[in-house]
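Visitor: Here is my input; please provide its structure:
(chains A and B)
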Amino acid sequence: MTNKESILSTANALRWEIGENIHDSLVESIYKEAQSITSNVVKTPAEKARFNFDVTLDRILTSRWLGFPLMFLMLAVVFWLTVEGANVPSAMIAAVLVDTVHPWLREIFAALNSPWWLTGIMVDGVWLAMAWVVSVMLPPMAIFFPLFTLLEDFGYLPRVAFNMDALFKKAGAHGKQALSLTMGFGCNAAGVVATRIIDSPRERLIAIITNNFSLCNGRWPTQILIASVFFGALVPAHLAGIVTAGAVVGVAVLGIAFTLIVSWGLSKTILKGEASAFSLELPPYRPPRILQTLYTSLIDRTLIVLWRAIVFAAPAGAVIWLVSNIHIGDLSIAEQFINWSNPFGILLGLNGVILLAYIIAIPANEIVIPTVLMLTVLSAKLSGVGDGAGVMFELDETNAVANVLQAGGWTFLTGLNLMLFSLLHNPCSTTIYTIYKETKSVKWTTIASILPVVMGIVICFFVAQLYRLIIQ
Amino acid sequence: MTDPLQALLIGGSILLVVAVIFFPKYGLIARWSRAKRGIKRVQIEDALKHIYDCEYNNIPCTVQSIAGALVISSDDAAELVARLSSMGLLLTLDNGVKLTADGNSYALRVIRVHRLWERYLADETSVPQTEWHSSAELQEHKLTPAQTEALAAQIGNPHFDPHGDPIPTPTGEIPPKKGRSFLSMNQGDFGVITHIEDEPEAVFAQLSAEGLYVGMHIMLIERSNERVRFAADGDEIVLAPVLANNITVEMLENEKEKIVSPMDTLASINIGEEATVLNISKACRGQQRRRLLDLGIVPGTKVRAEMRSASGDPTAYNVRGALVALRKQHAQMIFVQK
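Guide: All right, here's what the predicted structure looks like:
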């Protein structure tokens, strides 16, 4: 045996002696070495305890009695500021983009002698869809994200994760999922990006797949409108507001319940094979850098998400206009599909209009209601409302909406199931694309897209049958 | 419109059928993948593994013991032995059977996959430890040699499986058996667990429920025919001898390593108290262990409990100037000196 071979075989034999501790010993000696160097060259001031302000604040924010009330209060304020603050700019943007620029664009196209179908696709389809997405999406995001980022910058959000961890641990998830879940209330795509803070692979996938159960701001208007039409109408006028709000909050809470249940199920089944590790760093409190925060949250979160939504919404607008205006036989494609899918929709307690609206409005939840209204008018052949086939519209009065929907054959069950289906359906295409970019996996993207819509169909189906059996 | 009751019944039965097919563990798909274990190649490999185990542990191996280990009839086992002999993997002797050199290396290849897969599950996934063995039983027949080497490279060519068994090298090398049965210890002897047998499954589940793990320090307090009483990392545990027999130990000579009283864990220190890390339990593996080490939780580190979450768990500790929250289940695996 040559010398080299004997050394190698000795080395191989010694491997068995080293045992499993080699990695531990390496890290230990690295730390020992680092410590001896720092103790020689770094002088630490005598006072070593954590800064007093931090300690006091931490005591309050994580205390048994005050921890959770303060957290709910803080989130309530953020949501209230978002909802209240977004109303006015939303209306203003809509007034400009939809009520002023839209007719103006039509005139320009007419002046240029553009054929009617080009005007339809570009102005009534593409432009309106983009205008709607911008006016509904931009103001809440421009308020919600900076507020959220300020809390994060200050150091409060890690404390929320710290307080909420026990609950998420029971669901096999990570406390930081509380943050991506809350972010999802602003926008699911942003919520999916926010899961980057979770560094354990299994828990991160759980957070990504369940983020869609957070009701995003594109779905809040749908919930509020349908709740006030169908739930508010059940009770006397002075109670309508409370009942409506209760119904919407109920759906949002149901979403959180689904998040926890589905997280638990995933961690016990298909995600067992993913590694899991827990640790959570609580950084010291820092005064938030307001201008920098405004800039980064507007650029990083709001504008990127908005741009993606616009890119996806534009072709959807064209599709919406085309299916309403291309005729096969006597009826448009939209009407053909609505008539064909209506029995299935009715079986789920929904109808063909809703199914078609959710298929062609995949790019953005914001345009579901305008599309539903337009399609209802189209398929029920109502006159006097709306702007024609393929032109999405909204009505200012709740009563007017109720009249259109009732003419379209809607019942309380349709409203209830639409609210459930709005919570439980596939993520919008912006979110699906984001999930793919974050996971780089077709498998997890497919699961995240299909799972909620299957749940939605199953739940709507059983709710519809039970409702018909018991109440009707 | 469809009658709601009828629709309800149809919908309910569809859900039921889906559940019957896909339900984890009990569903048709799960059963079908387990049923594949009955096929010939799987039986051959399982028999070789069993005979190898017997030889490694110096237990006589017979047709009966093969039948018992594979849960097949004696007739089938005899047929299997005949087949293995005709393949040149096995020699039949007066007092039982013995592997040929070919049989030995075949068995080692199967065992290598089995133990590597258990190591992989322990370090890289969150599969509970009671499921490692049954999963490895399926994988050992599935992975090709190339896949096996890729897996080994991915997890850093480990030498031991999580039960403490050596993993054979690709060339079939394996060190001779070390350690002795737990029951051979005398009262007052100190030892460290080097191996916990993972078969039968029910026994292993009981041992892991007691919190025993490879690398645990034990001291025998009392032994009788009915029970074995011992201190494990300082905590007293009582086992039936039949269970204790599945544990292999190595004697401890070094005085410093002998643990007499229960060790404190990080989970037991109060808010505001400081403690010095002694070591991280071997039960903390894979990513979680690396995470703790990376945070600087190594022997000698001073750690102070700073605050508890509003819901009682986790707790935040001051580690080398950073505030790090750890869950109770992990803090319990870090031994400290108050």
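Visitor: Kindly provide the distance from the residue lying closest to B:Asn186 once chain neighbours are set aside to B:Thr194.
Guide: On the basis of CB to CB, 6 or more residues apart in numbering or on different chains, the spatially nearest residue to B:Asn186 that is not a chain neighbour turns out to be B:Leu220, at 6.8 Å. All C-beta spots, glycine's among them, are computed from the backbone N, C-alpha and C. Taking CB to CB, to the nearest Å as the measure, B:Leu220 falls 15 Å from B:Thr194.
Visitor: Please identify the helix or strand for B:Asn157.
Guide: Using DSSP states H and E, B:Asn157 sits within no helix or strand.
Visitor: Show the pLDDT at it.
Guide: The model reports B:Asn157 with a pLDDT of 84.
Visitor: Am I right that the residue nearest to B:Asn186 is in a helix?
Guide: No: counting by DSSP: H, G, I helix; E, B strand; the rest coil, one finds B:Leu220 to be strand, located in no helix.
Visitor: give me phi/psi at the residue of the stretch 51-200 of chain B found nearest chain A?
Guide: Closest approach between the stretch 51-200 of chain B and chain A, counting by CB to the nearest CB: B:Ser126, at 3.9 Å. The phi/psi pair for B:Ser126 (degrees, to the nearest 10) reads phi -110, psi 30.
Visitor: Check B:Pro200 too.
Guide: Summarising the backbone geometry of B:Pro200 under the convention degrees, to the nearest 10, its torsions are phi -70, psi 160.
Visitor: what do you get for B:Ile334?
Guide: In this entry, B:Ile334 is assigned phi and psi values of phi -110, psi 110 (degrees, to the nearest 10).
Visitor: tally of neighbours for it?
Guide: Burial measure for B:Ile334: 23 neighbouring residues, criterion other CB atoms under 10 Å in any protein chain shown.
Visitor: cool, and A:Leu282?
Guide: Number of residues near A:Leu282 (other CB under 10 Å) recorded here: 22.
Visitor: Excluding sequence neighbours, find me the nearest residue to it.
Guide: B:Leu323 (4.1 Å).
Visitor: number of nearby residues for A:Gly241?
Guide: Each residue near A:Gly241 was counted by other CB under 10 Å, and the total is 12.
Visitor: Same question for B:Arg83.
Guide: The criterion is other CB under 10 Å. On that basis, B:Arg83 has 15 neighbouring residues.
Visitor: what secondary structure does the closest residue in space to it that isn't next to it in sequence sit in?
Guide: Counting by CB to CB, 6+ apart, B:Ile44 is the residue found nearest to B:Arg83 once chain neighbours are left out, at 7.2 Å. On the three-state scheme (three-state DSSP), B:Ile44 is labelled helix.
Visitor: Quick one: residues contacting B:Ile44.
Guide: With contact taken as CB atoms under 8 Å, 6 or more residues apart in numbering or on different chains, B:Ile44 is in contact with B:80, B:83-84, B:87, B:89.
Visitor: so when I look at A:Tyr409, I'm seeing a helix, right?
Guide: Quick fix: residue A:409 is Gly, not Tyr. No: counting by three-state DSSP, A:Gly409 falls outside a helix, being coil.
Visitor: Name the nearest residue to it, ignoring sequence neighbours.
Guide: The spatial neighbour of A:Gly409 that comes closest, neighbours along the chain excluded (CB to CB, 6+ apart), is A:Asn351 at 6.8 Å.
Visitor: B:Ser134 now?
Guide: In this structure, B:Ser134 finds its nearest non-sequential neighbour in B:Glu201, 7.0 Å apart by CB to CB, 6+ apart.
Visitor: Give me the three-state assignment for the spatially most central residue of chain B.
Guide: A centroid search over chain B (CA atoms, centre = their mean) returns B:His163, at 4.4 Å, as the residue closest to the centre. For B:His163, the reduced secondary structure class is coil; criterion used: three-state DSSP.
Visitor: In chain B, which residue sits nearest chain A?
Guide: Residue nearest to chain A within chain B: B:Ala310 (2.9 Å; CB to the nearest CB).
Visitor: Low-confidence ranges, the stretch 201-338 of chain B, go.
Guide: Where the stretch 201-338 of chain B drops to pLDDT under 70, the residues are B:254-261.
Visitor: what residues does it put near chain A?
Guide: B:215, B:280, B:282, B:286-296, B:298-301, B:306-314, B:316, B:318, B:322-327, B:330 (CB under 8 Å from any CB of the partner chain).
Visitor: how does it look with 6 Å?
Guide: Neighbours of chain A within the stretch 201-338 of chain B, by CB under 6 Å from any CB of the partner chain: B:287-288, B:291, B:293, B:296, B:298, B:307, B:309-311, B:313-314, B:316, B:323-325, B:327.
Visitor: The residue in chain A that chain B sits nearest to and A:Val253: what is the separation?
Guide: Chain A approaches chain B most closely through A:Gly67 (2.9 Å), counting by CB to the nearest CB. In this structure, A:Gly67 and A:Val253 are separated by 20 Å, where distance is defined by CB to CB.
Visitor: re the thing from before, tell me the contacts of the residue nearest to the residue of chain A closest to chain B when sequence neighbours are not counted?
Guide: Leaving aside its sequence neighbours, A:Gly67 sits nearest to B:Ala310 (CB to CB, 6+ apart; 2.9 Å). Residues counted as contacts of B:Ala310 (CB atoms under 6 Å, 6 or more residues apart in numbering or on different chains) are A:62, A:64, A:67-68, A:163.
Visitor: Mark which of these are buried, thanks.
Guide: Buried members of those, counted by 16 or more other CB atoms under 10 Å in any protein chain shown: A:62, A:67-68, A:163.
Visitor: May I see the residues you listed organised as a markdown table, with distance to A:Ala86, pLDDT and secondary structure added?
Guide: Compiled in a markdown table, these are given as follows (distance: CB to CB, whole Å; pLDDT from 0 to 100; DSSP: H, G, I helix; E, B strand; the rest coil):
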| residue | distance to A:Ala86 | pLDDT | secondary structure |
| --- | --- | --- | --- |
| A:Thr62 | 31 | 89 | coil |
| A:Gly67 | 29 | 89 | helix |
| A:Phe68 | 27 | 92 | helix |
| A:Asn163 | 28 | 93 | helix |
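Visitor: Got a quick ChimeraX command for the buried subset of the residues of the stretch 201-338 of chain B next to chain A?
Guide: The following ChimeraX line selects those of those that are buried, judged by 16+ other CB under 10 Å:
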select /B:287,288,291,293,296,298,307,309,310,311,313,314,316,323,324,325,327
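Visitor: Mind checking which of the residues of the stretch 201-338 of chain B next to chain A land in strands?
Guide: Counting by DSSP state E, the members of those that fall within strands are B:307, B:316, B:323-325.
Visitor: Dump those residues to TSV, plus distance to A:Lys32.
Guide: Putting these into TSV (distance: CB to CB, whole Å) gives the following:
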residue	distance to A:Lys32
B:Met307	29
B:Ala316	25
B:Leu323	23
B:Val324	20
B:Ala325	25
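Visitor: mind listing the strands for chain B?
Guide: Counting by DSSP E, residue ranges of the strands within chain B are B:90-93, B:96-99, B:180-181, B:190-196, B:217-223, B:228-232, B:235-239, B:247-251, B:264-265, B:274-280, B:302-308, B:315-319, B:322-326, B:334-337.
Visitor: Next, report how far the fourth one is displaced from the centre of its chain.
Guide: This points to strand B:190-196. Chain-centre distance of strand B:190-196: 14 Å, with CA atoms, centre = their mean, to the nearest Å.
Visitor: counting contacts, what elements does that strand pack onto?
Guide: Counting contacts by 3 or more CB pairs under 6 Å, 6 or more residues apart in numbering or on different chains; DSSP states H and E, the secondary-structure elements packed against strand B:190-196 are strand B:217-223, strand B:247-251.
Visitor: orientation of the longest one relative to strand B:228-232 in degrees?
Guide: So that's strand B:217-223. For strand B:217-223 against strand B:228-232, the angle by axes from the mean of the first three to the mean of the last three CA atoms, to 10 degrees is 160 degrees.
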